[in-house]
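Asker: dropping a prediction and its sequence here:
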Amino acid sequence: MILRPYAPGDAETIVSWIPDEKALRQWSADRYPAFPITAADMNEKYLLRNGDCPAGQFYPLTAMEEESIAGHLILRFTDAERTVARLGFVIVDSARRGQGLGREMLRLAAGYAFDALGARRLTLGVFENNPAAYRCYRAAGFREIPDLPPTGYAVMGERWKCIEMEMLRA
């Protein structure tokens, strides 16, 4: 597997992995206004709005295995010093879940964030109702942030708890 910069043609495949609104919200929280999202929605957010981030702070990446798209995620800096990078929009090919793709993609993303971008800390949030993603993040080396209780979000008429996790540069 390799990570490469996101390309506009990736969007069609990535959005096809989101089967329903619950999956969309687990993947993106409230970052997209309505289900379903389209490739055009994703490309507008990434290419025209820079992921809603300041210039030079947003890095969308696509995971490739041979010639096929295996996964996707974004990195963005959350501090002016560019020491804390946040992972988001983490998703793998829905037909290939449970094969270690997510763990490998996260390992590559951590290496890129730490070695190429100079981050010292990676963070992410995972909804408590997404245990497969939580297990994947744990297996990739992320740990819950000590003394930080889960944050609650209003999602689809429910209250979802978001667990904050981190990985520190070794």
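Answerer: Good, I have the coordinates. From a predicted model like this one, the values you see are computed outputs, not experimental measurements.
Asker: list the buried residues in the helix or strand that contains residue 74.
Answerer: Here residue 74 sits within strand 68-77, counting by DSSP states H and E. Residues of strand 68-77 classed as buried by neighbour count (16 or more other Cβ atoms under 10 Å): 69, 70, 71, 72, 73, 74, 75, 76, 77. To be clear about C-beta, it is placed using only N, CA and C from the backbone, and glycine gets the same treatment.
Asker: want to throw those into TSV with pLDDT and distance to residue 128?
Answerer: Output for the buried residues of strand 68-77, formatted as TSV (pLDDT from 0 to 100; distance: Cβ to Cβ, whole Å):
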residue	pLDDT	distance to residue 128
69	97	28
70	97	26
71	97	22
72	98	23
73	98	20
74	98	22
75	98	23
76	97	23
77	95	26
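Asker: distance from the chain centre to the lengthiest helix in the chain, please.
Answerer: Scanning the chain for the helix with the most residues, using DSSP state H, yields helix 101-111. With Cα atoms, centre = their mean, to the nearest Å as the basis, helix 101-111 stands 11 Å off its chain's centre.
Asker: which residues touch the lowest-mean-pLDDT helix or strand in the chain?
Answerer: Ranking every helix and strand in the chain by mean pLDDT, DSSP states H and E puts strand 151-155 at the bottom, with a mean of 86. The list of residues contacting strand 151-155 from outside it, by Cβ atoms under 8 Å, 6 or more residues apart in numbering, reads 25, 29, 30, 125, 127, 159, 160, 161, 162, 164.
Asker: hey, what's the residue nearest to the second one when sequence neighbours are not counted bridged with?
Answerer: Residue nearest to residue 29 in three dimensions, not counting chain neighbours: residue 153, with 6.5 Å by Cβ to Cβ, 6 or more residues apart in numbering. According to DSSP bridges, residue 160 are recorded as the beta-bridge partners of residue 153.
Asker: tell me the SS of residue 163?
Answerer: The three-state assignment at residue 163 reads strand, by DSSP: H, G, I helix; E, B strand; the rest coil.
Asker: packing partners for the longest helix of the chain?
Answerer: strand 2-5, strand 58-65, strand 68-77, strand 84-92, helix 131-139 (3 or more Cβ pairs under 8 Å, 6 or more residues apart in numbering; DSSP states H and E).
Asker: which neighbours in the sheet does the shortest one have, and how are they oriented?
Answerer: According to DSSP bridges, the neighbouring strands of strand 2-5, each with its direction, are strand 58-65 (antiparallel).
Asker: before we move on, the earlier item: ok, and what's touching the longest helix of the chain?
Answerer: Applying Cβ under 8 Å, 6+ apart, the contact partners of helix 101-111 are 1-3, 61, 63, 65, 70-71, 73, 75, 87, 90, 92-93, 122, 133, 136-137, 139-142, 167.
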